[in-house]
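1. My questions are about this predicted structure, shown below with the sequence.
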Amino acid sequence: MATKLDKQFTQDVLNTVDLIPYGRVTTYGQIARMICRPRNARLVGKALGKFGGCGKHPCHRVVTANGRLVPGWIDQRPMLEAEGVPFKDATHVDIQKCFWRGI
C-alpha cells in the first residue's frame, strides 16, 4: 500500500473528519485506522495541514494520541472550548473524556 498523499487518501481523511461529533475529538492514528491505513497517522496530519480546509471540515477536532493540540494553531483551543471539550492543561484535551472512536 502506498504511503503517499494522494487524492483518494485525502478524501478518505476528510470524509472521516466530517463524522467527528460536536464536542468530541479523535486522533490522527484513529483516523488512519478508520480508513484502513493504520501506519499512516503522520500522513493524516499532513493531509489535514495541506488540504484540511478547516472552514469546511471540523479538523480542529483532531489531536495527537495524548491529546495535544496542533502547535501554533491559536484558534484550535477556543474552537474546542466552545464545543465543551474538556482540557487537562493549556495544550492537551482530556482525551479520556471526549475521545471519539468512530463508527
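-> In hand now; what should we look at?
2. Okay, strands next: where are they in the chain?
-> All strands of the chain, identified by DSSP state E, fall at 26-27, 62-63, 87-89, 92-93.
3. With mean neighbour count, distance to Asn15 and mean pLDDT as added columns, please give those strands in a markdown table.
-> Placement of C-beta: from N, CA and C, glycine included. Compiled in a markdown table, the strands of the chain are given as follows (neighbours: other Cβ atoms under 10 Å; distance: least, Cβ to Cβ, whole Å; pLDDT from 0 to 100):
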| stretch | mean neighbour count | distance to Asn15 | mean pLDDT |
| --- | --- | --- | --- |
| strand 26-27 | 22 | 13 | 98 |
| strand 62-63 | 24 | 13 | 97 |
| strand 87-89 | 13 | 27 | 97 |
| strand 92-93 | 20 | 23 | 98 |
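4. Figure out which of these is closest to Val44.
-> Smallest distance to Val44 across the strands of the chain (Cβ to Cβ): 7.7 Å, for strand 62-63.
5. Name the strands paired with that closest one and say parallel or antiparallel.
-> Strand 62-63 has its sheet partners listed here by DSSP bridges as strand 26-27 (parallel).
6. quick one: low-confidence ranges for the protein?
-> By pLDDT under 70, the weakly predicted segments of the chain are 1-3, 52-54.
7. For beta bridges, what are the partners of the residue sitting nearest the centre point of the chain?
-> Centroid-nearest residue in the chain, with Cα atoms, centre = their mean: Val62, separated by 1.9 Å. Beta-bridge partners recorded for Val62 (DSSP bridges): Thr26.
8. Roughly how far does it sit from Gly55?
-> Note on Val62: its distance to Gly55, by Cβ to Cβ, to the nearest Å, is 15 Å.
9. which residues does the residue nearest to Arg77 when sequence neighbours are not counted contact?
-> In space, and not counting its chain neighbours, Arg77 is closest to Leu69: 5.9 Å by Cβ to Cβ, 6 or more residues apart in numbering. Neighbouring residues of Leu69 by Cβ atoms under 8 Å, 6 or more residues apart in numbering: 63, 76-77, 80, 91-93.
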